[in-house]
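**Student:** Got a sequence here, can you build the structure:
(chains A and B)
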Amino acid sequence: MSGTYVLRAVLSQPSGAIGVTLVVGHVMLAVLSQLVLPHDPIAQSAELILQAPSLSHPFGTDRLGRDILSRAMLGGREAMMIATLATLVAMIWGTAVGLFLALIGGRTDTYGMRIVDALSSIPGILIVMIFVAALGVGATALIPILGCSYGLSVVYIARAAALDFVARDFVLAAQARGEARATILIREILPNVRDTLAVQGAMQVSWLLLGIASLSFLGLGVAPPTPDWGLMIADGRGVMPTAPWVVLWPMAMLSSLIVGVNLAADAFAKALGVDRQMGVRAA
Amino acid sequence: MLGLILRRLGAAWITVVVVAVVVFIGVEVMPGDACTAMLGRDAARGDVLENCRDRMGLNRPPVERCVGWAGDLAQGDLGVSMKRDRPIAGIVAPRLRNTLILALAAALAGVPLAIGLGVMVALRRERPFDIIVSTVALVAMTMPEFVIAALLILIFAIWLGWSAGVVTAAYDAPALTLLFATPLPAVTLALVYIAHILRMVRSSVIDTAGADYILMARMKGVPERQIVRRHLLPNAILPTIPVIGLTLAWLLSGVVIVESAFNYPGIGRLAVNAVADRDLPLVQAITLIFGLIYVSMTLIADLLAMALNPRLRTRRL
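**Tutor:** Numbers count the residues shown, from 1 in each chain, chains lettered A, B, ... in the order given. Alright, predicted model coming up:
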């Protein structure tokens, strides 16, 4: 299927069109908003503490007098960058391990999956928290940590998808020709599981955005003073009774991005004819 | 049958051992150790560092420490918290109780509601009621827990004033005080549970409704009400029960966020505090406990599946 065909199939679904619009809008905002920021997002001002929305500060200001609009515009940038790069890391190692185990089979597969099972039984957020505690916060630490831990679910998906093909004749033929394992993985199996993996990648982005926002909320994700929605919500909780706008705007931004990614991933899955793996992994 | 159960128990046990080893290695391979983490990079020098390492037994070789740790664990000794300087078991136990109260309350309220709603929307498939409920569930599934928490606090605690926004009770307060002072943490957790389970039940009921025996029953003129009650629901809901167990286990990590958002004195917030304090022994112990809970819940779910579904009993695991 060609790219344009898939894109048309995605956009022809109402939910897909909404999702793609939301995601594209957020990406453009993150990339371009630096040019049109009304105020400096990290400039503090004693006179402007907790101002209600007004003409000069349409979204109001926070407890340090920072402009919420500017912060909300930039608040997804770091998280989106980390989520995308960590998804890349997760997809690469998860796919490599998953396909490899499926092709090898036998004991290696059994024991390998045992280890993956055991690792998956620790809540991801705790694994991440341990490593963040040791390696510190910020993008350089978060990308490898999140990439490694979120790749576990990719291993399941990639392995399950590849298992449908490893016993097919064209793989046997390649083995009979004496092709190297890596060649078989890349030339014979990978093209067949590409669509499943693409949908999984889109899902990973949404899970990672959620995970990063939660980490930031706990103070273990994006490091201040970088504007970030999770941090803004954590920061504004104390002043919610008097200044609800401090949390409401970042909440709306974060929600619209995550809903957008989910809708787009859903429509993408439908367009490619892939069963979207949602929620709980089968035991 | 017995062999199958024993084999499943063995597998669970192996998983627990692997989890313990992974947690140990994870902490081991990190730059620095419990002492440098706790003291901070600048203070961790010379005598202070050596004393701390001596006290924690960090000067022994890793293998010896791992075996020692495992031996202590087997005897129920979780070690000593660095920051709090007290046995970890004593710190963790009351908070684990609080977390279990929270999760249990959320599950007891959420699971029956989720099943009921799931069946209702499945029987009214594609009608406005289904579309509204399913959309709300999808949104609740995709939202981070802390956003739901903040919204609930804003609406129910601040605007409506129905309950307190955060938990102020101490960690050793009686169970009912913890739950009813602020029902919002349980409600948040229950909402997330309901969203996931509802969608699962809905698709299971819809799948089953397409089965040949339902068509057969309809053709022979069984009243619709009876088709639903006798043919559809038992076959649609029984298989979801073990998966519900898995969902609950899988969503348990949500307590880390929910407890922090509401200041609820459970093990999830303890984990966050332990990480903030760089108290590695405590973090290690909590991670292991979460792993243990997950493994035992999946074990129960699997055994339940075998008990409810005879077809699973003959298959090799």
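**Student:** Next to chain B, which bits of the stretch 151-283 of chain A? Give me the list.
**Tutor:** Proximity of the stretch 151-283 of chain A to chain B, by CB under 8 Å from any CB of the partner chain, involves residues A:206, A:210, A:213-214, A:217-220, A:230, A:233-234, A:237, A:240-241, A:244, A:247-248, A:251, A:254-255, A:258-259, A:262, A:278-281, A:283. In this view, the C-beta of every residue, glycine as well, is placed from N, C-alpha and C.
**Student:** and with 7 Å instead?
**Tutor:** Within the stretch 151-283 of chain A, the positions adjacent to chain B are A:206, A:210, A:213-214, A:217-218, A:220, A:233, A:237, A:240-241, A:244, A:247, A:251, A:254-255, A:258-259, A:262, A:279-280, A:283 by CB under 7 Å from any CB of the partner chain.
**Student:** Phi, psi for residue A:41 please.
**Tutor:** When read as degrees, to the nearest 10, the backbone of residue A:41 gives phi -70, psi -20.
**Student:** coming back round to it: show me the residues of the stretch 151-283 of chain A next to chain B that map onto strands.
**Tutor:** Among those, no member falls in strands (DSSP state E).
**Student:** Of those residues, select the buried ones using a ChimeraX command.
**Tutor:** Per 16 or more other CB atoms under 10 Å in any protein chain shown, the buried members of these correspond to this ChimeraX selection:
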select /A:206,210,213,214,217,218,220,233,237,240,244,247,251,254,255,258,259,262,279,280
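**Student:** Residue B:253 reaches residue A:125, doesn't it?
**Tutor:** Yes: if you go by CB atoms under 7 Å, residue B:253 and residue A:125 touch, sitting 5.2 Å apart.
**Student:** Tell me where the model's unsure across the stretch 1-150 of chain A.
**Tutor:** A:1 (pLDDT under 70).
**Student:** so which residue of the stretch 101-250 of chain A comes closest to chain B?
**Tutor:** Nearest residue of the stretch 101-250 of chain A to chain B, counting by CB to the nearest CB: residue A:123, 3.0 Å away.
**Student:** Pull the number of nearby residues for that residue.
**Tutor:** 25 (other CB atoms under 10 Å in any protein chain shown).
**Student:** Tell me if I am right that residue A:133 is in a strand.
**Tutor:** No: if the criterion is DSSP: H, G, I helix; E, B strand; the rest coil, then residue A:133 is helix and not within a strand.
**Student:** Which residue is the nearest non-sequential neighbour of it?
**Tutor:** Closest residue in space to residue A:133, ignoring its immediate chain neighbours: residue B:275 at 4.4 Å, by CB to CB, 6 or more residues apart in numbering or on different chains.
**Student:** what do you get for residue B:84?
**Tutor:** residue B:91 (6.1 Å).
**Student:** Show me chain B divided up by domain.
**Tutor:** B:2-74, B:95-316 (automatic domain parsing).
**Student:** circling back to that earlier point, over to the residue nearest to residue A:133. Which of the three states is it?
**Tutor:** helix.
**Student:** Now do the contacts for it.
**Tutor:** A:129, A:133, A:220, B:283 (CB atoms under 7 Å, 6 or more residues apart in numbering or on different chains).
**Student:** How about the helix or strand where residue B:147 lies and chain A, touching?
**Tutor:** Taking DSSP states H and E as the criterion, residue B:147 maps to helix B:145-152. Yes: under the criterion of CB under 7 Å from any CB, helix B:145-152 makes contact with chain A via B:146, B:147, B:150, B:151.
**Student:** Go through stretch A:49-59 and flag the buried ones.
**Tutor:** A:50, A:51, A:57, A:59.
**Student:** Helices of the stretch 101-250 of chain A, residue ranges please.
**Tutor:** A:106-120, A:124-135, A:139-166, A:169-176, A:181-183, A:190-217, A:229-236, A:245-272 (DSSP state H, counting those that start in this stretch).
**Student:** out of the ones you listed, deepest packed?
**Tutor:** With neighbours defined as mean count of other CB atoms under 10 Å in any protein chain shown, the helices of the stretch 101-250 of chain A peak in mean count at helix A:229-236, which reaches a mean of 26.
**Student:** returning to what we had before: so which of the domains of chain B gets nearest residue A:34?
**Tutor:** Nearest to residue A:34 among the domains of chain B is domain B:95-316 (25.6 Å), distances taken as CB to CB.
**Student:** tally of neighbours for residue 179?
**Tutor:** If you meant another chain, say so; for now it's chain A. Residue A:179 has 15 nearby residues by other CB under 10 Å.
**Student:** Correction: the question concerned chain B.
**Tutor:** Neighbour tally, residue B:179, other CB under 10 Å: 19.
**Student:** Okay, it and residue B:157: tell me how far apart.
**Tutor:** 16 Å (CB to CB, to the nearest Å).
**Student:** before we move on, what about residue A:161?
**Tutor:** For residue A:161, the distance to residue B:157 - CB to CB - is 46 Å.
**Student:** re the thing from before, could I get the residues of helix B:145-152 next to chain A as CSV with neighbour count and pLDDT?
**Tutor:** Putting the residues of helix B:145-152 next to chain A into CSV (neighbours: other CB atoms under 10 Å in any protein chain shown; pLDDT from 0 to 100) gives the following:
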residue, neighbour count, pLDDT
B:146, 27, 90
B:147, 27, 90
B:150, 25, 88
B:151, 16, 88
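**Student:** Let me see the mean pLDDT of stretch B:198-212.
**Tutor:** Per-residue pLDDT values across stretch B:198-212 average out to 89.
**Student:** swap in stretch B:240-251?
**Tutor:** Mean predicted lDDT for stretch B:240-251 stands at 82.
**Student:** close to chain A, is it?
**Tutor:** Yes: shown here: stretch B:240-251 in contact with chain A (CB under 7 Å from any CB) through B:243, B:246, B:247, B:250.
**Student:** quick one: buried residues of that stretch?
**Tutor:** B:240, B:241, B:242, B:243, B:244, B:245, B:246, B:247, B:248, B:249, B:250, B:251.
**Student:** pLDDT score for residue B:317?
**Tutor:** 44.
**Student:** swap in residue B:29?
**Tutor:** pLDDT at residue B:29 comes out at 67.
**Student:** Please apply the same query to residue A:274.
**Tutor:** pLDDT, read off for residue A:274, is 77.
**Student:** does it count as helix, strand or coil?
**Tutor:** Assignment for residue A:274 (three-state DSSP): coil.
**Student:** got a list of what residue 81 touches?
**Tutor:** No chain was given, so I picked chain A. residue A:139.
**Student:** Switch to chain B, please.
**Tutor:** The contact partners of residue B:81, taken as CB under 7 Å, 6+ apart, are B:88, B:91, B:279, B:281, B:282.
**Student:** so which of the contacts of residue B:275 comes closest to residue A:82?
**Tutor:** For those, the nearest to residue A:82 is residue A:220 (12.6 Å; CB to CB).
**Student:** so that closest one touches residue A:130, yeah?
**Tutor:** No: between residue A:220 and residue A:130 there is no contact under CB under 7 Å: 10.5 Å.
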